[in-house]
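Engineer: need a 3D model of the following:
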Amino acid sequence: MRNWIGSSSESETNAMPEPEVVIDVDEVSYTYAPDMPLALDHVSLQIRKGDFLALLGQNGAGKTTLAKTFNGLLLPTSGSVYVGGLDTQKARVSSLAARVGYCYQNPDHQIFNRTFYMEAAFGPRNLGLPATEVATRVDHALQLVDLADKKDAYPFLLGKGERQKLAVASVLAMGSPTLVVDEPTTGLDLPGIRSIMTLLRHWNQLEERTIVIITHDLRIVAEYVPRTVVMAQGKIVADGPTRSILSDGAALATAGLKPPQITRVAQRLSHHGIPPDVMTVDEMLACLRTALSRNEDARTSQQGVSDASRL
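Structural biologist: Take a look at the predicted model:
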């Protein structure tokens, strides 16, 4: 097992220590059956406290399989996964669930209670918490996802976006410091997408929790997620800051992906002074305004020189 606290060399003694490693995947392989190809092929990954990262890749790349090893839903065929220092091969699933919560791609596969409140309370009650603590956790979780006014509502009479939020609230109420969300924006309209992603960013930044999302949507990754891990054929092919990863067409191509459309436009305009790592439309607008202003200033300066030469 690797060191759990980021270490520094003697020359870096004054540097801030790296955050604690909360999930350590070491040379993990996994197959769903002995005669099937490897779904994970010697994967190694460290996730630190406070990370907000996306697992990207085509269908079958191994994203969901990898994420399910984070809390013991799947156990490695070989290699090891440590969660907060616990070996998933040996730890109780309840202990792992208290550390890493998992929201399924389809919230309807997770929700089964008659009211929002009962659904969010199910996990804490099964942890054996006192009723007062359960109530406190559920109320806080429902407030975080803006569902406090619907605690008595029947989940399946409301929209998918609200059920997605309920699934997240159910994990929040468990108190898990790390949350894995599989395809959080599938089937949502733009307001729903922005609502759930803003919620996750809020939980990461203000609640200081670790967030892992599994997604195909490069646009939401570009806008919301600081770190990106790209997978292909059961392996990690790229891992780093989102701006660097999503602007690297060659690295993405190994996973059958392309940079976001706005990034590709920026790269086509690089000879006009547009940075090649633009991630969002708002960034592009700001860059275009700067480039136009710069060109206008240059024309004004050139005109002034020309006028002076005539005198």
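Engineer: was I right to think L73 contacts Y104?
Structural biologist: No. Under the contact definition of CB atoms under 8 Å, L73 does not touch Y104, with a separation of 10.1 Å. In short, each C-beta sits where N, CA and C put it, glycine included.
Engineer: please name the residues that touch K235.
Structural biologist: By CB atoms under 8 Å, 6 or more residues apart in numbering, the residues touching K235 are 41-43, 62.
Engineer: which one of those residues is nearest Q110?
Structural biologist: G62 (21.9 Å; CB to CB).
Engineer: give me the phi and psi for the closest one.
Structural biologist: Main-chain dihedrals, G62, degrees, to the nearest 10: phi 110, psi 10.
Engineer: contacts only, for the closest residue to it other than its chain neighbours.
Structural biologist: Excluding the flanking residues, the one nearest G62 by CB to CB, 6 or more residues apart in numbering is G234, at 4.2 Å. By CB under 8 Å, 6+ apart, G234 lies in contact with 29, 37-41, 43, 61-62, 65.
Engineer: do that again at 10 Å, thanks
Structural biologist: If you count contacts by CB atoms under 10 Å, 6 or more residues apart in numbering, G234 has them with 28-31, 37-43, 57, 60-63, 65-66.
Engineer: now R264. Its backbone dihedrals?
Structural biologist: When quoted as degrees, to the nearest 10, the phi and psi of R264 stand at phi -60, psi -40.
Engineer: test my guess that it contacts D277.
Structural biologist: No. Between R264 and D277 there is no contact under CB atoms under 10 Å: 11.4 Å.
Engineer: run through the strands of this structure in chain order.
Structural biologist: All strands of the chain, identified by DSSP state E, fall at 21-30, 40-48, 52-56, 78-83, 86-87, 100-103, 178-182, 210-215, 227-232, 235-241.
Engineer: what residues are shared contacts of L73 and Y104?
Structural biologist: Joint contacts of L73 and Y104 (CB under 10 Å, 6+ apart) are 64, 180.
Engineer: burial of the residue lying closest to T186 once chain neighbours are set aside, as a residue count?
Structural biologist: In this structure, T186 finds its nearest non-sequential neighbour in Q105, 6.2 Å apart by CB to CB, 6+ apart. Residues lying near Q105 (other CB atoms under 10 Å) number 17.
Engineer: returning to that earlier point: neighbour count winner among R264 and D277?
Structural biologist: Neighbour count, other CB under 10 Å: between R264 and D277, D277 has more, with 19 against 15.
Engineer: contacts only, for the residue nearest to N106 when sequence neighbours are not counted.
Structural biologist: Spatial nearest neighbour of N106, excluding adjacent residues (CB to CB, 6+ apart): T186 at 7.8 Å. Listed by CB under 10 Å, 6+ apart, the contact partners of T186 are 105-107, 160, 164, 193, 215-217.
Engineer: for M284, same thing?
Structural biologist: M284 is in contact with 262-263, 265-266, 269, 274-275, 278, counting by CB under 10 Å, 6+ apart.
Engineer: where's it relative to L252, distance?
Structural biologist: Distance of M284 to L252, computed by CB to CB, to the nearest Å: 19 Å.
Engineer: for F122, state which of the contacts of K235 is nearest.
Structural biologist: Set against F122, the nearest of these by CB to CB is G62 (30.0 Å).
Engineer: just put the contacts of K235 in CSV and tack on pLDDT.
Structural biologist: Shown next, in CSV, are the contacts of K235 (pLDDT from 0 to 100):
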residue, pLDDT
D41, 96
H42, 97
V43, 97
G62, 96
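Engineer: and Y154, how many residues sit next to it?
Structural biologist: By other CB under 10 Å, neighbour count at Y154 equals 11.
Engineer: now do the phi/psi pair for it.
Structural biologist: phi -80, psi 120.
Engineer: which residues are in contact with P34?
Structural biologist: By CB under 10 Å, 6+ apart, the neighbours of P34 are T77.
Engineer: ok, now V43?
Structural biologist: Contact analysis of V43 by CB under 10 Å, 6+ apart lists 25-30, 62, 65-66, 69, 76, 79, 81, 229, 231, 234-236.
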